[in-house]
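In: curious how this folds, go ahead:
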Amino acid sequence: MPLVTPLRLVSLPLLIVLGGRKVTVSAITNGSVTGTGTATHYAILDTVNSRLLATGSLTSSQAVTSGNTFTLSAFDIGIPDPV
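Out: Just a heads-up that it's a prediction; the model follows:
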């Protein structure tokens with residue numbers, strides 16, 4: 001994945017009316033592009049503990065070039081109730 005950004009703020013979980021919870025990921029306004037290619041997904045990482053916390057598709061793919069910056073609007077991640 002060619003995009004790397006510093007730690008981003010994620011809100012505390014909030015209840016969803018139909019069940020489960022959601023968190024809101026803050027907008028990114030100065031992300032650093034560290035590779036050249038096509039960005040199609042995002043990933044939220046806990047680099048201290050080597051954990052993948054969340055991943056998903058971007059609304060549309062975007063050509064990126066190493067050394068450039070990128071932005072990403074704030075978005076919600078749904079967390080379903082356990083079954």
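In: hey, let's count contacts and neighbours off CA atoms from now on
Out: Fine.
In: so how far is stretch 18-34 off the chain centroid?
Out: Relative to its parent chain, stretch 18-34 has a centroid offset of 5 Å by C-alpha atoms, centre = their mean, to the nearest Å.
In: got the end-to-end distance for that stretch?
Out: Counting by C-alpha to C-alpha, to the nearest Å, you get 39 Å between the two ends of stretch 18-34.
In: so what strands line up beside the helix or strand hosting residue 58?
Out: Assessed by DSSP states H and E, residue 58 sits inside strand 51-64. Strand 51-64 has the following strand partners under DSSP bridges: strand 37-46 (antiparallel).
In: can you dump the C-alpha atoms of the strand it pairs with in PDB for me?
Out: What follows is strand 37-46, C-alpha atoms only, in PDB (Å, rounded to 0.1, in the frame of the first residue of the first chain):
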ATOM      1  CA  GLY A  37       1.000   3.400  -7.800                       C
ATOM      2  CA  THR A  38      -2.800   3.300  -7.400                       C
ATOM      3  CA  ALA A  39      -4.400   3.700  -3.900                       C
ATOM      4  CA  THR A  40      -7.600   1.600  -3.700                       C
ATOM      5  CA  HIS A  41      -7.900   0.900   0.100                       C
ATOM      6  CA  TYR A  42      -7.200   2.400   3.500                       C
ATOM      7  CA  ALA A  43      -5.700   0.700   6.500                       C
ATOM      8  CA  ILE A  44      -5.600   1.800  10.200                       C
ATOM      9  CA  LEU A  45      -2.700   0.300  12.000                       C
ATOM     10  CA  ASP A  46      -1.400   0.000  15.500                       C
END
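In: what residues does that strand touch?
Out: Applying C-alpha atoms under 8 Å, 6 or more residues apart in numbering, the contact partners of strand 37-46 are 1-3, 51-58, 60-65.
In: just to revisit the earlier point, what's the strand holding residue 58 in contact with?
Out: The contact list for strand 51-64 (C-alpha under 8 Å, 6+ apart) reads 2, 33, 35-46.
In: show me what counts as buried in that strand.
Out: residue 64 (16 or more other C-alpha atoms under 10 Å).
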